[in-house]
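Undergrad: return a 3D structure for these sequence lines:
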Amino acid sequence: MYEYIKGEIATLKPANVIIEANSIGYFIHISLYTYSKLNGKEEACLFLHQVIREDAQLLYGFADENERELFRMLISVNGIGSNTAIMMLSSLNPDEIKAAIQNENVRLLQSIKGIGAKTAQRVIIDLKDKVGKTPLNESVLNSPDNTVRDEALSALTTLGFAKKPVEKEIDRILSAQPGIPVETVIKQALKNL
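TA: Residues are numbered from 1 along each chain as shown. Presented below is the predicted three-dimensional model:
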């Protein structure tokens, strides 16, 4: 129903953003890829995908149409819902996911939290022909690391992980690699949780 939203960024967190458009604040779920594209900006234009469930109406936002198209492909696979698709797009960028599907890299897809061997194989079988038709984008994740620990903790708890194990994992990662960006912290934590 909704194609895109353009407005001022009221709040930006690694797992969601609130965009104010025409004096209404829209809560939108995002991936780390989209977060990295929005970080440091005051205004945004996000391509939307709306999910209507019995108990909720959810908006998912994407930095570009290619990411939204990949999200829609992922949720078309049996066993992958919106949250799992966002988890996949937060663990790997869209080009890495497309390359994993095209190269039949089951192991890389299995490294994503919540994706087992059967689901990874199903993703490859269902999407290999579709993904080959979409162009790859060249993009690098980068963001300032002001409050890396808090942002990573917020993102991971929003994704449904328990706070105590997440805190321990984030602290372990940050003590081993101080100064790394929040996206890297979250990706490494997702692999180990």
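Undergrad: going by C-alpha atoms from here, please, whenever you check contacts or count neighbours.
TA: OK.
Undergrad: show me how this structure divides into domains.
TA: Following automatic domain parsing, the chain resolves into domains at 4-62, 66-131, 148-192.
Undergrad: could these be laid out in JSON lines, adding mean neighbour count?
TA: Output for the domains of the chain, formatted as JSON lines (neighbours: other CA atoms under 10 Å):
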{"stretch": "domain 4-62", "mean neighbour count": "18"}
{"stretch": "domain 66-131", "mean neighbour count": "19"}
{"stretch": "domain 148-192", "mean neighbour count": "17"}
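Undergrad: mean pLDDT lowest where, among these?
TA: Sorting these by mean pLDDT places domain 148-192 lowest, at a mean of 84.
Undergrad: how long is that domain from one end to the other?
TA: Distance between the two ends of domain 148-192: 18 Å, counting by CA to CA, to the nearest Å.
Undergrad: helices of this structure, residue ranges please.
TA: 32-38, 65-75, 82-91, 94-102, 106-110, 117-131, 148-158, 163-176, 182-192 (DSSP state H).
Undergrad: how about these, which one is nearest Ile52?
TA: For Ile52, the closest of those is helix 82-91, at 11.1 Å, according to CA to CA.
Undergrad: now the residue sitting nearest the centre point of the chain: how far from Asp55?
TA: Centroid check for the chain by CA atoms, centre = their mean gives Ser31 as the closest residue, at 2.3 Å. Look at Ser31 and Asp55: by CA to CA, they are 22 Å apart.
Undergrad: tell me the contacts of Leu174?
TA: 149, 180, 185 (CA atoms under 8 Å, 6 or more residues apart in numbering).
Undergrad: swap that for Tyr35, please
TA: 12-16.
Undergrad: swap in 7 Å and give it another go.
TA: Pro14 (CA atoms under 7 Å, 6 or more residues apart in numbering).
Undergrad: how about the residue nearest to the centre of the chain, phi and psi?
TA: phi -90, psi 170 (degrees, to the nearest 10).
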